[in-house]
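Engineer: Task: produce atomic coordinates for the following.
(chains A and B)
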Amino acid sequence: MYIKELASAEGGTASLQGWVANKRESKGIVFLVLRDGTGFCQCVVALDQVGPEVFEKASGLTMESSVKVNGRVVRDERQVGGFELQADGLEVYQVAEEYPISKKEHGVDFLMDNRHLWLRSSRQWAIMNIRNTIIYSIHRYFQEQGFLQMDAPIFTGNACEGTSNLFETDFYGDPAYLSQSGQLYGEALAMAFGRIYTFGPTFRAEKSKTRRHLSEFWMIEPEMAFYDIFQNMEVIEGMLHHVIRDVLATNRRELELIGRDTAILESSLKPFPRMTYDEAVRIIRGEQDVNGVNSIASLREELTAATARLEAVQQEIAEREAGLAKPGMKKGEIAFHQGKILQLRKEQDDLEEDLRNIPQWIESAENFQYGNDFGGSDETVLTRLFDVPVMVYDWPHEVKAFYLKRNPDDQSKARGVDVLAPEGYGEIVGGGERETDAEKLKQKIVEHELPMEAFEWYLDLRRYGSVPHSGFGLGLERVVTWICKLKHVRESIPFGRMYGRLLP
RNA sequence: UCCUCGAUAGCUCAGCUGGUUAGAGCGAGCGGCUGUUAACCGCUAGGUCGUUGGUUCGAGCCCAACUCGGGGAGCCA
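Structural biologist: Numbers count the residues shown, from 1 in each chain, chains lettered A, B, ... in the order given. Down below sits the predicted model:
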């Protein structure tokens, strides 16, 4: 039986197999928190119930020891899953060696070195369950509408958008690259099957060390024949609504466990604001307000607030340290204050980071040059003003990919669309309507100095029955990161690959 | 590639303007306690202060280079 199914055995008996996630012990009673992958359940081993032999075994268990526990299923509202198991039998598979991950806090580097074990912790369990819901939800959304899931190759001979950030490998003596996008293949598939989506790994050899970059990540790339950019936006919004609704419906417990405030997720079920690049620029520069809020003014307010908070935090740290310096404090009290100080120092670090960042955001927002692509700070400045993802379309064609169609009414704009997640998460989707004219494409390929011969097959798509079509790419990990409100993408994927991280 | 912050016990951190035997909590081991939720209380063990070189009577602390890591810029999903 699995922990998830305990409700069906209430009042009866159950046999659980799993790992010891936590243990607390008193004379005559041992509390084992068992973890089996489907959930967590406290098992109570009482000396007078099981006898000295079994009790001795329970008492000798270490963290992450593997066991089988038989017992009575009792409802107990104090427990996470709502049930506990009152043991009458215990079988030990293995008494684990000293487990490196303790119940206290750890640093990122240590945890990443132990990622294979870190995944067992409740927070990671919750995140991975949400990731699973998101993946399943995306498949369901497209499958139910009749899209075909198709796979683009991972080895590619040509670069989709330039070669600078590609991983090069050896393909029987010829250079080959790991795919940085399946999009061009997606377009070929859409011309064959109408509406398709790819769902696969993508590789970017960017030496970026930021909280939103991975070298290997999973991308969903739908491509639809006969769709224009506005229909494309409908699909993006529909898909994200579907995903958010599914996560809210199936992962309430997990969201609570990781402390995710669901208010913004609920409000993201509203229609997403759609604005042109021009309008977004006016908002970033503070020339246009959003619901009465001005970007620059609100940044200034935040800067003031952060400065005041930092002073308060520093003062509290000083006070608590002074208190600790005095003799005669009880051990528990000392531990309490030390814990507080640790928390405050973390907050201090975060505030200091804000104080470094915000002035830069203000500067870059005030001096934003019309015609440029948005940087990370510009996205933050814009999305802070919304509680839903924002869709920005019609970008200056110079900053966007060669395959995007121009706005027929304004040739300076390309029909690309970026979806920017709120709360500072930035770009989660990039897409647009594709150029249909072979000659215009050729011209762009020349301008971008791309090897024409590698794109001949792509140009064929415009020679034989060219049609309007659109699509987009969704970064799975960025969506997981936003929905779970994680500080870093590395927690959104089982084994993240990024600059400086290849093991485990 | 650039900017910025950091590296002290198994883990998370403290260590004042350079000063003699480097501290705490957690974890581990032992003991105590029938209901705990990061349980609690007592005791014990545990350190070549990232590496190399320099300054100094004296370096965990100052300087330089390197290595590794955090955050950011660029680039992007």
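Engineer: tell me the contacts of the closest residue to A:Arg497 other than its chain neighbours?
Structural biologist: Of all residues not flanking A:Arg497 in the chain, A:Glu216 sits nearest, at 4.0 Å (C-beta to C-beta, 6 or more residues apart in numbering). (Each C-beta comes from the backbone N, C-alpha and C, glycine too.) Applying C-beta atoms under 8 Å, 6 or more residues apart in numbering to A:Glu216 gives the contacts A:201-203, A:496-497.
Engineer: Of those residues, grab the buried ones for PyMOL.
Structural biologist: The PyMOL command for the buried members of these (criterion: 16 or more other C-beta atoms under 10 Å) is given here:
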select buried, chain A and resi 202+203+496
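Engineer: Which neighbouring elements make contact with the longest helix belonging to chain A?
Structural biologist: Taking DSSP state H as the criterion, chain A has its longest helix at helix A:331-366. Helix A:331-366 sits against helix A:295-325, helix A:376-383, with contacts defined as 3 or more C-beta pairs under 8 Å, 6 or more residues apart in numbering; DSSP states H and E.
Engineer: Can you give the contact residues for stretch A:292-304?
Structural biologist: Residues outside stretch A:292-304 that contact it (C-beta under 8 Å, 6+ apart) are A:283-286, A:354-355, A:358-359, A:361-362, A:365-366, A:381-382, A:384-385.
Engineer: at 7 Å instead, please
Structural biologist: With contact meaning C-beta atoms under 7 Å, 6 or more residues apart in numbering, stretch A:292-304 is reached by A:283-284, A:286, A:358-359, A:361-362, A:365-366, A:381, A:385.
Engineer: circling back to that earlier point, now, the contacts of A:Glu216 that are in strands?
Structural biologist: Mapping the contacts of A:Glu216 onto strands (DSSP state E) picks out A:201-203.
Engineer: Walk me through the domains of chain A.
Structural biologist: Recorded structural domains for chain A (assignment: automatic domain parsing) are A:3-94, A:117-272+A:389-492, A:297-365.
Engineer: Now do the longest one: distance to the chain's middle.
Structural biologist: So that's domain A:117-272+A:389-492. Distance of domain A:117-272+A:389-492 from the chain centroid (C-alpha atoms, centre = their mean, to the nearest Å) equals 14 Å.
Engineer: and that domain with RNA strand B, contact?
Structural biologist: Yes. Remark: domain A:117-272+A:389-492 sits within contact range of RNA strand B at A:161, A:165, A:181, A:204, A:206-215, A:217, A:219, A:399, A:426-430, A:473-475, A:477-478, A:487-489, by C-beta under 7 Å from any atom of the strand.
Engineer: For ChimeraX, what selects the buried ones among these?
Structural biologist: In ChimeraX, a selection of the buried entries from those looks like this (16+ other C-beta under 10 Å):
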select /A:161,165,181,204,212,213,214,215,217,219,426,427,428,429,430,473,474,475,477,478,488,489
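Engineer: Narrow the residues of domain A:117-272+A:389-492 next to RNA strand B to those in helices?
Structural biologist: Per DSSP H, these map to helices at A:477-478.
Engineer: lowest-confidence stretch among the helices and strands packed on helix A:331-366?
Structural biologist: Here the lowest mean pLDDT among the helices and strands packed on helix A:331-366 goes to helix A:295-325, at a mean of 79.
Engineer: Tell me which residues of that one come out buried.
Structural biologist: Buried residues in helix A:295-325 (16+ other C-beta under 10 Å): A:295-296, A:298-299, A:303, A:306, A:309-310, A:313, A:317, A:320.
Engineer: name the element A:Leu117 belongs to?
Structural biologist: Element membership for A:Leu117 (DSSP states H and E) is helix A:115-118.
Engineer: which residues are in contact with that helix?
Structural biologist: If you take C-beta under 7 Å, 6+ apart as the criterion, helix A:115-118 is touched by A:100-101, A:111, A:124, A:495, A:504.
Engineer: List the ones among these that fall in helices.
Structural biologist: Among the contacts of helix A:115-118, the members found in helices (DSSP H) are A:111, A:124.
Engineer: what's the most distant pair in the contacts of helix A:115-118?
Structural biologist: Maximum pairwise distance among these (C-beta to C-beta): 17.3 Å, between A:Pro100 and A:Phe495.
Engineer: and the residue of the stretch 51-200 of chain A found nearest RNA strand B, how many neighbours?
Structural biologist: For the stretch 51-200 of chain A, the residue closest to RNA strand B is A:Gly107, as judged by C-beta to the nearest atom of the strand, at 2.6 Å. Other residues lying near A:Gly107 total 8 when counted by other C-beta atoms under 10 Å.
Engineer: Might you report the residue contacts of the closest residue in space to A:Glu491 that isn't next to it in sequence?
Structural biologist: Closest residue to A:Glu491 apart from its sequence neighbours, by C-beta to C-beta, 6+ apart: A:Ile127 at 5.9 Å. Contact partners of A:Ile127, counting by C-beta under 7 Å, 6+ apart, are A:258, A:484, A:491-492.
Engineer: so which of the contacts of A:Glu216 comes closest to A:Leu461?
Structural biologist: Relative to A:Leu461, the closest of the contacts of A:Glu216 is A:Thr202; by C-beta to C-beta it sits at 21.1 Å.
Engineer: Just to check, that closest one is in contact with A:Ser179?
Structural biologist: Yes. Using C-beta atoms under 7 Å, A:Thr202 is in contact with A:Ser179, at 6.1 Å.
Engineer: before we move on, what SS does A:Val281 have?
Structural biologist: Here A:Val281 is recorded as helix under DSSP: H, G, I helix; E, B strand; the rest coil.
Engineer: so the nearest residue to it once chain neighbours are set aside is in which element?
Structural biologist: Once flanking residues are discounted, A:Val281 sits nearest to A:Tyr370: 5.8 Å by C-beta to C-beta, 6+ apart. Under DSSP H and E, no helix or strand contains A:Tyr370.
Engineer: How about A:Asp418?
Structural biologist: Assessed by DSSP H and E, A:Asp418 sits inside strand A:410-421.
Engineer: Provide the partner residues of the residue nearest to A:Arg497 in its beta bridges.
Structural biologist: Under DSSP bridges, the beta-bridge partners of A:Glu216 are A:Phe203, A:Arg497.
Engineer: Name the nearest residue to whichever residue of the stretch 201-350 of chain A sits closest to RNA strand B, ignoring sequence neighbours.
Structural biologist: With C-beta to the nearest atom of the strand, the shortest gap between the stretch 201-350 of chain A and RNA strand B falls at A:Ser208, namely 2.8 Å. Nearest residue to A:Ser208, sequence neighbours excluded (C-beta to C-beta, 6+ apart): A:Tyr499, at 6.4 Å.
Engineer: and the gap between that neighbour and RNA strand B?
Structural biologist: A:Tyr499 is 7 Å from RNA strand B, where distance means C-beta to the nearest atom of the strand, to the nearest Å.
Engineer: so that residue makes contact with A:Thr210?
Structural biologist: No. Assessed by C-beta under 7 Å, A:Tyr499 is found out of contact with A:Thr210, at 9.6 Å.
Engineer: sorry, back to before: and which of the ones in strands among the contacts of A:Glu216 is nearest A:Glu223?
Structural biologist: Distance to A:Glu223, by C-beta to C-beta, is smallest for A:Thr202 among these, at 15.0 Å.
Engineer: OK, contacts around that closest one?
Structural biologist: By C-beta under 7 Å, 6+ apart, the contact list for A:Thr202 reads A:179-181, A:217, A:219.
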